[in-house]
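> Sequence and predicted structure, then a few things I'm wondering about:
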Amino acid sequence: MCDYKGSLNSATALEDAPPVCWHIRPFVSYCLAGAFRGFLGWFLQEHISRCRNCQKALAQLQIIGEQLRNLGKTPPERTPETLGQERWDTLESALAEADSRHQRRRK
Amino acid sequence: MMKSAKGAPWVRSFLSWRRKPCNEAQEVALCRKAFAEMVRRHEVELLRVAQRLCGRAHGGEDHARDLVQDAVVAAYEAVLEGKFVAPQESGTPEAHRRERAYLLRILTNRFINGYRRQKKWDAGVTIEDVTIGGEIAPLPSLQANAVDKPDENLLSQTLEEPLERALLSLSEGLRVCVILVEIEGLEYAEAAAVLNIPVGTVRSRLSRARVQLQELLQDYARQHRLL
């Protein structure tokens, strides 16, 4: 895992950070998960340990990831909790229709 | 062991809890009931994912409900055709995961297919573009801007925080990956099973999505002079 934290906090998700170097871009998920293995792992670790831009960009990406996970914990304000009775009634008749279609096909 | 309707696996699996034998019509009704119960167990999660996929603007809430309804009917049809056999022991974490993966797979496929169809439709000239005389309506640049359109202005005010905006700007394939892994917390392997793609593809899509989200957030901050 990219352990560069520096003075970053959640507000810095909107800050201007340099992009991750182009040759590291396809491996951002590996870098964030700390899934360094083999030659590729060694190469990524070597680069990140020397490149301040990648360190800062990856730290920002980690914060963005944390904020996304927080979105999952707090459902959207107006998310309907259930489909609602009216919708369920429609759904149940649609399922019954599917049943009769299936029965007709079998006969 | 209960009697099954012509040995259909979906009836056996859904009705494994039933003890008294009954006729086929009753079995079908019970199977439907058991399927509805399974959907109810995942209803909140399905709605949440649909809501994230559809966004909230332009009737997104109704669209999300429609998407769930459509996916549930498709899932049931697949069950009837024997494409999905419900876990024998419902209520176990493994069974819960399998049911969830199955329903999410159908939901995301429905969304992606619908999204692609919508994009093709949007690319063409719509009925609103054509006037009564058959001419094409004025160019968008000549039409009123968002500020002059009260409804759209209102919608933009009720839009989510920058992250949700950025999420909606991603392509459907990337957005689905981010929603499943980052927001819903599925493992890479689970997301790969839901989307029917290799784990490596999930990883690479997430890499691209993360970089794009970073750029979109910075653009947003620049536009709103937050930097």
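Good, I have the coordinates.

> quick one: low-confidence ranges for chain A?
In the predicted model, chain A carries pLDDT under 70 at residues A:1-16, A:73-80.

> where along it do the helices fall?
Along chain A, counting by DSSP state H, helices occupy A:28-33, A:38-50, A:52-73, A:85-106.

> export the ones you listed to TSV and tack on mean neighbour count?
In short, each C-beta sits where N, CA and C put it, glycine included. Shown next, in TSV, are the helices of chain A (neighbours: other C-beta atoms under 10 Å in any protein chain shown):
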stretch	mean neighbour count
helix A:28-33	21
helix A:38-50	13
helix A:52-73	18
helix A:85-106	14
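
> And B:Leu217, how far from chain A?
Taken as C-beta to the nearest C-beta, to the nearest Å, the spacing of B:Leu217 relative to chain A amounts to 6 Å.

> Now do the SS call for that residue.
The three-state label given to B:Leu217 by DSSP: H, G, I helix; E, B strand; the rest coil is helix.

> quick one on the thing from earlier: so which of the helices of chain A comes closest to B:Val49?
Relative to B:Val49, the nearest member of those by C-beta to C-beta is helix A:52-73, separated by 10.0 Å.

> sorry, back to before: and the helices of chain A: which comes nearest B:Glu172?
Nearest to B:Glu172, of all the helices of chain A, is helix A:52-73, at 16.9 Å by C-beta to C-beta.

> Where does pLDDT dip in chain B?
Judged against pLDDT under 70, the low-scoring parts of chain B cover residues B:1-22, B:56-60, B:86-90, B:115-161, B:224-227.

> Could you measure from A:Asn70 over to chain B?
For A:Asn70 relative to chain B (C-beta to the nearest C-beta), the value is 9 Å.

> quick one, domains of chain B?
Here the domain parsing of chain B from automatic domain parsing is B:1-117, B:160-227.

> For the ones you listed, give me TSV that also has distance to A:Leu91.
Output for those, formatted as TSV (distance: least, C-beta to C-beta, whole Å):
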stretch	distance to A:Leu91
domain B:1-117	5
domain B:160-227	22
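
> and of these, who's closest to A:Trp22?
Shortest separation from A:Trp22 across those is recorded for domain B:160-227, at 10.0 Å, computed as C-beta to C-beta.

> quick one, which of the helices of chain A is nearest to B:Val178?
Using C-beta to C-beta, the nearest of the helices of chain A to B:Val178 is helix A:52-73, at 6.6 Å.

> list the helices and strands the closest one packs on?
In terms of contacts (3 or more C-beta pairs under 8 Å, 6 or more residues apart in numbering or on different chains; DSSP states H and E), helix A:52-73 is packed against helix A:28-33, helix A:38-50, helix B:162-169, helix B:199-223.
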